[in-house]
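Participant: Build me a model:
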Amino acid sequence: MKPLLLWTDLLLWFLVAAFVLLFWWGRSQETLRRPWRRVVQSQIAMGSLALLLPFLAIALLDSLHFRLEGRVVSLFDLLTEPLWSRPEKSYSAPLATHLYIKEFIPLPGGQKVWDYPRLRYGGAHLQDPSQKWPDILITALSGGAKGGALWLAVTGLVWLKLRRPPRFAWQAPFLVLLLVAILGGAGWALSQKYHLLGTDKVGEDVLYQSLKAIRTGLIIGTLTTLITLPFALIFGMVAGYFGGWLDDLIQYLYTTLSAIPSVLLIAAAILIMQVTMARFEERFADMALRADFRLLFLCAILGVTSWTGLCRLLRAETLKLREMEFVQAAKILGLSEPMILMRHILPNLLHIVLIVVVLDFSGLVLAEAVLSYIQIGVDPTTYSWGNMINRARLELARDPPVWWTLTAAFLFMSLLVLAANLFADVVREAFNPRSER
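Facilitator: Numbering: from 1, shown residues only. I've put the predicted structure just below:
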C-alpha cells in the first residue's frame, strides 16, 4: 500500500490547515473574538455546525488516498469495505432481499420459474425472507443503542474532564450528534446485512455512492470559493474605493464576462481540457489522476466565471463606505490607502462576503448536479450527486421506477446545503457591524 497525493487532496488539506491557523490567530484579535462569541452562543449555529462535522469528517477521510493492489482507494474506502465489496447483480430496493427485476429461476427438477431471485448478500443470512422486518427492527435498535451509548460515553468522559459546562451553546450540538450517532449506528448495523439504500443498475450500493459524493460536493463548494474570493474582493474594493479609470476597467471586465453564457463557457473549457488530456495521454493514463484533474479544472472554471456577482455587491458597498466619517477621518490622519482598505473597508464587507459565499457554496453544490446532467460536469467515474441524478433520470422512466438513487442524492445534498445556510445566517448576523444585539 503506497500513499497517493492527488491535487484536490492537497488543496483540501491546505484549506483545513489555513482555517486552523486562522482560528489560532483570531484568538488574539478581539475584533474577531467578539462576533464569534455571539456565534457559539447560538443554538442554531452550533446545531448546524454539529451536522456539518460528519460531512467534513467523511470528506477528509476520503481525501487520504493509497494505491492498493493496482487500484486507488482512500482511507474511507478501507473503513467502509462492507459497502463496496458486496455487489449485487442489478437493481435492488432499500432493505430488500430480492432483486428488483424478474428472471428465470432454475428449480431442482430442471424447470424454470419467472420470479424475483434472492440477492447474493442483502438478507442472505435469513433462511426465511418473511422474517425480514423483525430482523431489521432488532438490528436497527441494537445498532442505534450501541451508537447512542458510545456517544454518551464519550460525552461523559469529556464532561468529567471539563468539570463545568462548556462556554458555548452545547444543548443543540449534543442532541444533533446524539441523533447522528443513533442513526449512524443503526444504519451501519443494517448495512452489514442489507443494502440500506438499495443498489443501482450494476449492483453497487447506493449508500456508498452517496457518502463518496460528499467529498466531491465539498471540494466544488470550497475550492471554487477560494478561487472566487480574491477576484471579487480585490476588484470590488479597488473599483469602489479608487473609482476613475480603474472603476471603468473593472466594470467593463465583469460586464463582458457576465454577458457570456456561463454554461457555454464551461462547456468550451471542458472540451479544451479533454482535448489536452487526449493529446498528452501518457500523462493522464491513470483513471484516478484523470478524474481528479477534471474535478480540479471544473473548480477553476467555475471560480473564474462566478466572481462577478459578489464583485458588484462589494463595489456598491465600498462606494458607500468610502464616504463614511471614519474613512474620511482616517484619510485626514494620514493613514495609507492599503491600510484603510484592510482596517476600515474590509471588516465592513465581511457580512456580505460571508452570506454570498455560503449562498454560492449551496449554488455550486447544486450547479454540479446540473452540469453533470448535461455531461459537462465531473468525470463519469467520479462519485457525485450530479452523476447519481443524471443516472436517475433514466431509472425513473422504468416500470416500476427506480426511485431510491434520486432520493438518496436529494437527501444528502439537502442536509448539507441546509446546515451550511443555517450556520452562515448566524455568522453573517454576528459579523454585520450594523446589526443589533
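Participant: drop to CA atoms for contacts and neighbour counts, all remaining ones
Facilitator: OK.
Participant: how about the helices in the stretch 251-400 of the chain?
Facilitator: Residue ranges of the helices in the stretch 251-400 of the chain, as given by DSSP state H, counting those that start in this stretch, are 262-279, 287-305, 308-321, 325-332, 337-340, 350-373, 385-395.
Participant: Please name the residues that touch the residue nearest the centre of the chain.
Facilitator: What sits nearest the mean C-alpha location of the chain, by Cα atoms, centre = their mean, is L218, with 2.9 Å. Under the criterion of Cα atoms under 8 Å, 6 or more residues apart in numbering, the contact partners of L218 comprise 56, 59, 365.
Participant: and what of R290?
Facilitator: For R290, the residues meeting the contact criterion (Cα under 8 Å, 6+ apart) are 277, 284.
Participant: what stretches of this protein score poorly on pLDDT?
Facilitator: Counting by pLDDT under 70, the chain contains low-confidence ranges at 285, 432-437.
Participant: What are the structural domain limits within it?
Facilitator: Taking automatic domain parsing as the domain assignment, the ranges for the chain are 2-75+213-431, 79-191.
Participant: Quick one: these as JSON lines, columns for distance to D200 too.
Facilitator: Formatted as JSON lines, the entries for the domains of the chain read as follows, by distance: least, Cα to Cα, whole Å:
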{"stretch": "domain 2-75+213-431", "distance to D200": "7"}
{"stretch": "domain 79-191", "distance to D200": "5"}
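Participant: For E204, find the nearest of those.
Facilitator: Across the domains of the chain, E204 has its closest neighbour in domain 79-191 (5.2 Å, Cα to Cα).
Participant: Could you work out the end-to-end span of that closest one for me?
Facilitator: Taking Cα to Cα, to the nearest Å, the first and last residues of domain 79-191 lie 13 Å apart.
Participant: ok now it, how far from the chain's centre?
Facilitator: A distance of 23 Å separates the C-alpha centroid of domain 79-191 from that of its chain, computed with Cα atoms, centre = their mean, to the nearest Å.
Participant: One more: stretch 312-330?
Facilitator: Using Cα atoms, centre = their mean, the distance between the centre of stretch 312-330 and that of its chain works out at 35 Å.
Participant: host element of L10?
Facilitator: Assignment of secondary structure by DSSP states H and E places L10 within helix 7-26.
Participant: Outside of that helix itself, which residues are in contact with it?
Facilitator: In contact with helix 7-26 (Cα under 8 Å, 6+ apart) are residues 32-33, 60, 63-64, 219, 223, 292-293, 295-296.
Participant: Could you give me the ChimeraX syntax to select whichever of the residues you listed are buried?
Facilitator: Filtering the contacts of helix 7-26 down to the buried ones (16 or more other Cα atoms under 10 Å) takes a single ChimeraX command:
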select :60,63,64,219,223,292,293,295,296
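Participant: which of the contacts of helix 7-26 lies closest to K2?
Facilitator: Scanning the contacts of helix 7-26 for proximity to K2, where the rule is Cα to Cα, the winner is L64, at 11.0 Å.
Participant: what bridges to the nearest residue to that closest one once chain neighbours are set aside?
Facilitator: On the basis of Cα to Cα, 6 or more residues apart in numbering, the spatially nearest residue to L64 that is not a chain neighbour turns out to be S74, at 5.3 Å. With beta bridges defined as DSSP bridges, S74 has these partners: H65.
Participant: Now for S74: which residues touch it?
Facilitator: When contacts are counted by Cα under 8 Å, 6+ apart, S74 touches 61-66.
Participant: Mind doing that once more with 10 Å?
Facilitator: For S74, the contacting residues are 3-4, 60-68, 80, taking Cα atoms under 10 Å, 6 or more residues apart in numbering as the criterion.
Participant: any idea how far it lies from T80?
Facilitator: When distance is defined by Cα to Cα, S74 is 10 Å away from T80.
Participant: what's the burial count for the closest residue in space to T382 that isn't next to it in sequence?
Facilitator: The shortest distance from T382 to any residue other than its chain neighbours is 6.5 Å, reached at A291 (Cα to Cα, 6+ apart). Residues lying near A291 (other Cα atoms under 10 Å) number 17.
Participant: In this structure A291 contacts M273, no?
Facilitator: No: under the criterion of Cα atoms under 10 Å, A291 lies out of contact with M273, with a separation of 11.6 Å.
Participant: okay, and the common contacts of these two?
Facilitator: Overlap between the neighbourhoods of A291 and M273 consists of F297, taking contacts as Cα under 10 Å, 6+ apart.
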